[in-house]
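Participant: sequence and predicted structure below; questions after.
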Amino acid sequence: MLISEGKINSSLEDDSSHTESPGPLPETVLAHLDKSHITVHTYPESHPDDGISTFRADIDVSTCGKISPLKALNYLIHSFDSDIITIDYRVRGFTRDIEGRKHFIDHKINSIQNYISNDTKELYHMIDVNVYQDHIFHTKMLIKDFDLDNYLFGITKKELLPSEKRKIKQKLKKEMYEIFYGKNMPKI
């Protein structure tokens, strides 16, 4: 698979007359992006005692040229429907104008939040940690409200006693706060 900002040479296009199955699907998908790359690292884990499981996906999008990873933010956020989101955006290197002058940043940005849709902003608490002079931008997002049924397996919240619901919600909030703030917390 080749993804490019320009038109792909027709000799590389898929031959739609090929109808045979390519065989078993690979465990790894590899794509070549013209001037760019995307990587996904996944980290599923479970607490051994309290039944809390988390699934972390780190997605790195590096681009150059006309394609900006900021344009993919809303799509990625809505695709994963995450409780906690940490976004790092760093402008590296430079580009030259037609006179040969270097430009180390070619767009205005003071916060990643400027690129996040308003409907998404309403769902999350957000904080920024930015280093403007080095073109480093960091935004952390924590879901404001959650439906307990989305975190239960084999049971619904209607089947739980009020004290059980409270205890589970408390564990979930503690887990979310610890991940959001990046430290262990004794109590919430």
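Facilitator: The structure has been received and is ready for your questions.

Participant: the helix ranked longest in the chain packs against which elements?
Facilitator: In the chain, assigned by DSSP state H, the helix with the most residues is helix 162-181. Here helix 162-181 is seen to pack against strand 84-90, strand 136-143 when contacts are counted using 3 or more C-beta pairs under 8 Å, 6 or more residues apart in numbering; DSSP states H and E. Using the backbone N, CA and C atoms, a C-beta is placed for each residue, glycine as well.

Participant: and those strands as a markdown table, adding distance to residue 98, mean neighbour count and mean pLDDT?
Facilitator: A markdown table is the format used below for the helices and strands packed on helix 162-181 (distance: least, C-beta to C-beta, whole Å; neighbours: other C-beta atoms under 10 Å; pLDDT from 0 to 100):
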| stretch | distance to residue 98 | mean neighbour count | mean pLDDT |
| --- | --- | --- | --- |
| strand 84-90 | 26 | 17 | 92 |
| strand 136-143 | 28 | 19 | 95 |
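
Participant: for residue 96, which of the ones you listed is the nearest?
Facilitator: Using C-beta to C-beta as the criterion, the shortest distance between residue 96 and those is 19.6 Å, found for strand 84-90.

Participant: now do the next helix or strand after that closest one: distance to the chain's middle.
Facilitator: Read in the C-terminal direction, the helix or strand following strand 84-90 is strand 95-96, with elements assigned using DSSP states H and E. The gap between the average C-alpha position of strand 95-96 and the chain average comes to 28 Å, counting by C-alpha atoms, centre = their mean, to the nearest Å.

Participant: what's next to strand 95-96, contact-wise?
Facilitator: The set of residues that contact strand 95-96 without belonging to it, under C-beta atoms under 8 Å, 6 or more residues apart in numbering, is 64, 102, 103, 106.

Participant: list the contacts for residue 132?
Facilitator: Contact criterion C-beta under 8 Å, 6+ apart gives residue 110 as the residues in contact with residue 132.

Participant: report the separation between it and residue 68.
Facilitator: Applying C-beta to C-beta, to the nearest Å, one obtains 18 Å for the distance of residue 132 from residue 68.

Participant: for residue 61, same thing?
Facilitator: Computed with C-beta to C-beta, the distance linking residue 61 and residue 68 is 9 Å.

Participant: those two - which one has more neighbours?
Facilitator: residue 61 (19 against 16; other C-beta atoms under 10 Å).

Participant: show me what contacts that one?
Facilitator: For residue 61, the residues meeting the contact criterion (C-beta under 8 Å, 6+ apart) are 36, 37, 38, 69, 72.

Participant: check contacts around the residue nearest to residue 89 when sequence neighbours are not counted.
Facilitator: Excluding the flanking residues, the one nearest residue 89 by C-beta to C-beta, 6 or more residues apart in numbering is residue 137, at 4.4 Å. In this structure, residue 137 makes contact with 87, 88, 89, 90, 109, 111, 112, 128, 130, judged by C-beta under 8 Å, 6+ apart.
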